[in-house]
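In: Fold the stuff below for me.
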Amino acid sequence: MSAETGLITHPDGCARCWWAGLDPIYVAYHDTEWGVPEYDGRALYEKLILDGFQAGLSWITILKRRDGFRRAFAGFDPEAVARFTEADVARLMQDAGIIRNRAKIVGTIAGARAFLKIEERGPGFSRFLWDFVDGAPLQGGARSRAEIAAESDLSRRVSKALKAEGFSFVGPTIVQAFMQAVGLVNDHLVGCHRHGPCAEIGRAGAERRPA
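Out: Just a heads-up that it's a prediction; the model follows:
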């Protein structure tokens, strides 16, 4: 890894952001998901919840359990999760396939109910989030690891709005990581082979967005 840039050049010749490391699971996530603009409301809900579960842990810990989380939380279908009861909470506290944190489990259910409220009043959860960037991903220009912010004015505003809606585990740092992951912010380092493609996807998505 280059200490100056925070880039890792892999055996395939591609330069990648430092955090991808060499773990094949992380590399695949970096190359196919992270930073790609996501517009599907359900997928955005899932990623926000998983980022909340990550708090205090490494993302690879969550990524390796993602299938377990999906099974436990009904595929992150907000309508289904919103109907979970105390019995479901007790069941999930025994589920070794997820992170068994009661507050985060309860927060997932509350988040599903908050999601549905936003959907009901329109224009929906996806639009709620993308309106913060006027529908177009913010293009980061960081050339080194040191230039990547842990939080920002934007993440603080989004965090405050999410908390007001009833979401939990959505502090500014978690929200910053979430925004980077779902492409609201393109924070691939400029020298990373995914920076340009994610920027192009973002421009195309913004052009197709209804006024």
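
In: contacts, neighbours, all on C-alpha from now
Out: Noted.

In: what pLDDT does the residue sitting nearest the centre point of the chain get?
Out: Geometric centre of the chain, nearest residue: Phe178, 3.2 Å, by CA atoms, centre = their mean. Model confidence at Phe178, expressed as pLDDT, equals 98.

In: Tell me how far it lies from Val89.
Out: Applying CA to CA, to the nearest Å, the value for Phe178 to Val89 is 25 Å.

In: Wait, Gly6 touches Glu147, no?
Out: No. The pair Gly6 / Glu147 is not scored as a contact, 9.9 Å apart, by CA atoms under 8 Å.

In: who's more crowded, the two?
Out: Comparing Gly6 with Glu147 by neighbour count (other CA atoms under 10 Å), the higher total belongs to Gly6, at 20 against 14.

In: do you know how far that one is from Arg16?
Out: Here the criterion is CA to CA. By it, Gly6 lies 9 Å from Arg16.

In: same check, this time on Ile148
Out: Taken as CA to CA, the span from Ile148 to Arg16 is 14 Å.

In: okay, those two: which has more neighbours?
Out: Arg16 (26 against 14).

In: which SS state does the more buried one fall under?
Out: Judged by DSSP: H, G, I helix; E, B strand; the rest coil, the three-state class of Arg16 is strand.

In: ditto for Pro123
Out: Pro123 falls in the coil class when you classify it by three-state DSSP.

In: Could you count how many residues lie near it?
Out: Burial of Pro123 is recorded as 10 neighbouring residues (other CA under 10 Å).

In: Which elements pack onto the helix or strand containing Leu48?
Out: Using DSSP states H and E, Leu48 maps to helix 41-54. Applying 3 or more CA pairs under 8 Å, 6 or more residues apart in numbering; DSSP states H and E, one finds that helix 41-54 contacts helix 59-63, helix 102-121, helix 125-130, helix 172-181.

In: Could you say which of these is packed most deeply?
Out: Mean neighbour count, computed with mean count of other CA atoms under 10 Å, is highest for helix 172-181 among those, reaching a mean of 23.

In: which element follows that one toward the C-terminus?
Out: That would be, after helix 172-181 and using DSSP H and E, strand 185-186.

In: buried set for the helix or strand that that following strand is followed by?
Out: Downstream of strand 185-186, the next assigned helix or strand under DSSP H and E is helix 195-208. Going by neighbour count (16 or more other CA atoms under 10 Å), the buried part of helix 195-208 is 195-196, 198-199, 202-203, 205-206.

In: Look up how far Ala87 lies from Ala20.
Out: 38 Å.

In: who's more crowded, those two?
Out: Legend: neighbour count by other CA under 10 Å for Ala20 and Ala87, higher for Ala20 (18 against 9).

In: right, and that one touches Val27 too?
Out: Yes. Using CA under 8 Å, Ala20 is in contact with Val27, at 5.2 Å.

In: sec struct for the residue lying closest to Leu162 once chain neighbours are set aside, please.
Out: Distances taken as CA to CA, 6 or more residues apart in numbering put Val170 closest to Leu162, at 7.0 Å, once the chain neighbours are dropped. What three-state DSSP gives for Val170 is coil.
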